[in-house]
Each structure stands twice: as C-alpha cells, then as structure tokens.
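In: Prediction below, plus the sequence it came from.
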Amino acid sequence: MRLLFELALILIIVILLSDGGNDGSTAAAPDEDAVTASAEPTGPAAAPVFPGEMRGDVVGQPEDSLTIDGLSVTASELFDGKTTTYDDSPTLCTSTTLKNNSGAQITFDTFDWNLQTPGGLINYTVQYGSDNQLGAGGKIAPGGSTSGDVCFSNDEAGPGQYVLLYTPPLTSDYQPPSGRAAWLHFR
C-alpha cells in the first residue's frame, strides 16, 4: 500500500513539474485582476472612474478615439434611436468606427458592445434603433476599418452617467484582450 502511495506522489510531482504537458503557450481566461492595458486613450489625460471599472480599461469621453491591442475605436455621443419595435421601446445609439492599426486581422461583433445605465444595469445591443447598424460582425484586415451605429434598449431612460463599453474578442492567438474601451456619457 505504501508503494502505491509513493508512486502516486511521484506521479503528481512529475505532472506538476512538467506543467501537465503544456508547451509554454497559455490561453488564460480573462481575469479582472490580471488584465493590463497596452494602450493609452487619445482623449483626456486623466481617465474618469465609473462603477465596474477594471484594471486595463481605457476610459474617455464621447468622440475620443481609444486604442486597445492595435484597434482604434471611436464612439459618438449617445443619441435617441428610432422606436421601431412592436411596443415602441426607446433605444439609445452611438455611431462607431473601428480602425485596425495592428498587423493582424481583428474580429468584431456587435455583441462586443454593452451600455451600463445610471442604475448599474448592463444592456446588450439590439438590432433595431438605426438604419445604419454596425452589422452582425466580421473581420477587419490590417489597415482596414468599418463604421456603423450600435443601439441598446433604453427601458431605464433616467438621467445620469451612462458608460458605453467595448470589449474586444480574444486576440488572433486566442489571448484575452488587454482591456476594454469605455466612454462616459452624461444625459
């Protein structure tokens, strides 16, 4: 019995020392405490703070171009979108431009966007509210760009600070992005 225990212990030590067969490349899941920014905002020098801000977030004001992992993203002031739903639900929209300044293709999707309301609710995008939607998603070649509106339901249409959040998808080598872009809006 003792021999079996010693063999199991040796096997565990060998696995731990060899890192489980890992070849050194890691694809860690995003971790709020491990995210670091690799870019600086091109807008204001002092980034304002908002509820839910994470280390690595690049924060600016509407119309600022914020860069994360070689992708420059610009978002306009929030505007009231069209109420084209069956129940005339209000929407808030922003006009966006994504420019790929990296050396690799970058994937984008409308689901990379969220809108945090003054009450702390974080909304996903909706496919109505504008005739100029960003589109379902795709890839942007190095040096390329795309533009369009991103809209959100606005059932909580109260005054206060709204935070437009852009979270890039995993990088081309499946690494988490270095942070998020956040634009502070006061309505």
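Out: Received it, and whenever you're ready, just let me know what you need. Numbers count the residues shown, from 1 in each chain.

In: and the most centrally placed residue in the chain, what is it in contact with?
Out: Nearest to the mean C-alpha position of the chain, by Cα atoms, centre = their mean, lies T167 at 0.4 Å. Taking Cβ atoms under 8 Å, 6 or more residues apart in numbering, we find T167 in contact with 112-114, 177, 180. All C-beta atoms are positioned from the backbone trio N, CA, C, and that covers glycine.

In: Which of the residues you listed fall in helices?
Out: Using DSSP state H, no member of the contacts of T167 sits in helices.

In: and which of these is nearest to L71?
Out: P177 (8.8 Å; Cβ to Cβ).

In: wait, isn't the closest one in contact with D112?
Out: No. Shown here, P177 and D112 do not form a contact pair, counting by Cβ atoms under 8 Å, at 9.5 Å.

In: State the helix or strand in which C93 lies.
Out: Per DSSP states H and E, C93 falls inside strand 91-100.

In: ok, and for the next helix or strand after that strand, which residues are buried?
Out: Moving toward the C-terminus from strand 91-100, the next helix or strand (DSSP H and E) is strand 106-109. Applying a neighbour-count criterion of 16 or more other Cβ atoms under 10 Å, one finds 106, 108 buried in strand 106-109.

In: Dump strand 106-109 to CSV, restricted to CA.
Out: What follows is strand 106-109 as a C-alpha-only set of coordinates in CSV (Å, rounded to 0.1, in the frame of the first residue of the first chain):
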residue,chain,number,x,y,z
ILE,A,106,-9.2,41.6,-36.0
THR,A,107,-12.6,40.1,-35.4
PHE,A,108,-15.5,42.3,-34.4
ASP,A,109,-19.1,41.8,-33.5
